[in-house]
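[1] Okay, here's the prediction I keep looking at, along with the sequence it came from:
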Amino acid sequence: MAATTVWTVFLVLTVLLAGRWWPWFLVQNVPPLTLVAVPLLLLALLPLARPVRRPLAAVLAVLLLAGAHLAGYGPGWGTATSHPPGTPVTVFVWSTRYWEMSDDKDAFYAFLRRQHADVYLLQEYLYWKGDQPVRIDDSARLHREFPGYRASVEGELITLTRLPVVTAHHAPTPGGTGDWYWKGTKFQRTDLRVGGRTVSFYNVHLPVPFHLGNPFRANTYRASEGRSAWWTGELGKLRADVVGNPHPAVVSGDFNSPWMKGSSLGGGTRLHSPSASWLPPRSWPVSGFPLPRLWRLDWLFTSQDLAVADDRFGGGAAFSDHTAQQISLIVPAHTP
């Protein structure tokens, strides 16, 4: 009974505080599987609570269903089942783990070419030296590998596209050493011409919203508070841009949070999830970490009038700790 009470309080606090209160950023990053595993474990222990077994079973059944919904178990949600006529667009979204910094460069580029996407939204277009980010310029190789594509770079974000570019938006670049990364924008907007419409593609890489350090040192908590404020501030800027954007939008990338279900970017956007499995989609980590793949950090939002014909995770494990996201969109003809 005590464990059920504690778990109920935890679930309610997570719903209320996730993404809103900085100390909860670390707590909310438990694997989504936990939201199902804990009530299942408590249900298995019900014989130990014989006097209150029936009412407790009812409570745990509700907690199990709520946890399964929040964790993403069940059929895919948010993805359109019928597709209106329009212009198809393929989008490839991937956090590359510091570009091909420690990879076979030829194999890395061959993997990207095999996607044959109309739009590539790629994150971590940089190197890392010690504890400092290092800007790179691989434009010559990109031009050779992707003839007919235009590349737009914003900090550590790069968008490649063979669709006509209407506007490549750029935020002011901070002038200090490393400020382009630590203080620069964490999303990139590129307006593209699709059929007869302008569609905005947002490439997102929000910062990690907490700091892992010595729990007995005050600076660990100050750093976590600062990182959560950074994450919240960048998400707020992204929301403001989407809300003020008159064009339909596609927003995708690494949000560095497993708790985006139920979130809204405003502007009439909706959240999508792959529909191929009843299990919650997971995109991290796929390599480089001694952890199983239990988290989804990579997400997709689109405007209501854009149809998602397919959305799936797969590929990229040989080069990155994130699996890639492959998206097929349909942009309907504009209706006056």
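    Received the coordinates, thanks. Numbering: from 1, shown residues only.

[2] low pLDDT regions in the stretch 201-336 of the chain?
    The stretch 201-336 of the chain contains residues with pLDDT under 70 at 275-277, 335-336.

[3] The same query, at a cut-off of 90, please.
    Across the stretch 201-336 of the chain, residues meeting the criterion (pLDDT under 90) sit at 211-216, 221, 259-264, 266-268, 272-282, 287-293, 333-336.

[4] got it, and the stretch 51-200 of the chain?
    In the stretch 51-200 of the chain, residues with pLDDT under 90: 51-54, 69-85, 102-103, 130-131, 171-178.

[5] what ranges do the strands span in it?
    86-95, 119-123, 127-129, 132-134, 150-154, 157-161, 165-168, 187-194, 197-205 (DSSP state E, counting those that start in this stretch).

[6] Of all those strands, which one is nearest residue 55?
    Closest approach to residue 55 among these (Cβ to Cβ): strand 197-205, 44.5 Å. In this view, the C-beta of every residue, glycine as well, is placed from N, C-alpha and C.

[7] Pick out the residue nearest the middle of this protein.
    residue 298 (2.5 Å; Cα atoms, centre = their mean).

[8] phi, psi of that one?
    As for residue 298, its main-chain torsions (degrees, to the nearest 10) stand at phi -110, psi 130.

[9] what sits against the nearest residue to it once chain neighbours are set aside?
    Setting aside the residues directly before and after it, residue 298 is nearest to residue 283 in space (Cβ to Cβ, 6 or more residues apart in numbering), at 4.3 Å. Shown in contact with residue 283 (Cβ atoms under 8 Å, 6 or more residues apart in numbering): 293, 295-298, 313, 322-323, 325.

[10] mind checking how far residue 205 is from residue 298?
    10 Å (Cβ to Cβ, to the nearest Å).

[11] tell me, what's touching those two both at once?
    Joint contacts of residue 205 and residue 298 (Cβ under 8 Å, 6+ apart) are 95, 253-254.

[12] Identify, from these, the entry nearest to residue 215.
    Closest to residue 215, out of all of the shared contacts of residue 205 and residue 298 and judged by Cβ to Cβ, is residue 254, at 26.2 Å.

[13] so what's that closest one closest to, chain neighbours aside?
    residue 95 is the one closest to residue 254 (Cβ to Cβ, 6+ apart), at 4.3 Å.

[14] which residues does that neighbour contact?
    With contact taken as Cβ under 8 Å, 6+ apart, residue 95 is in contact with 122-124, 205, 253-254, 298, 320-322.

[15] could you check the angle strand 187-194 makes with whichever helix in the chain runs longest?
    Secondary structure of the chain per DSSP state H: the longest helix is helix 218-243. Angle between the axes of helix 218-243 and strand 187-194 is 20 degrees (criterion: axes from the mean of the first three to the mean of the last three Cα atoms, to 10 degrees).

[16] Adjacent strands (with direction) for whichever helix or strand comes after helix 218-243?
    Toward the C-terminus, helix 218-243 is succeeded by strand 249-254 as the next helix or strand (DSSP states H and E). Sheet pairing of strand 249-254 (DSSP bridges) gives strand 197-205 (parallel), strand 298-303 (antiparallel).
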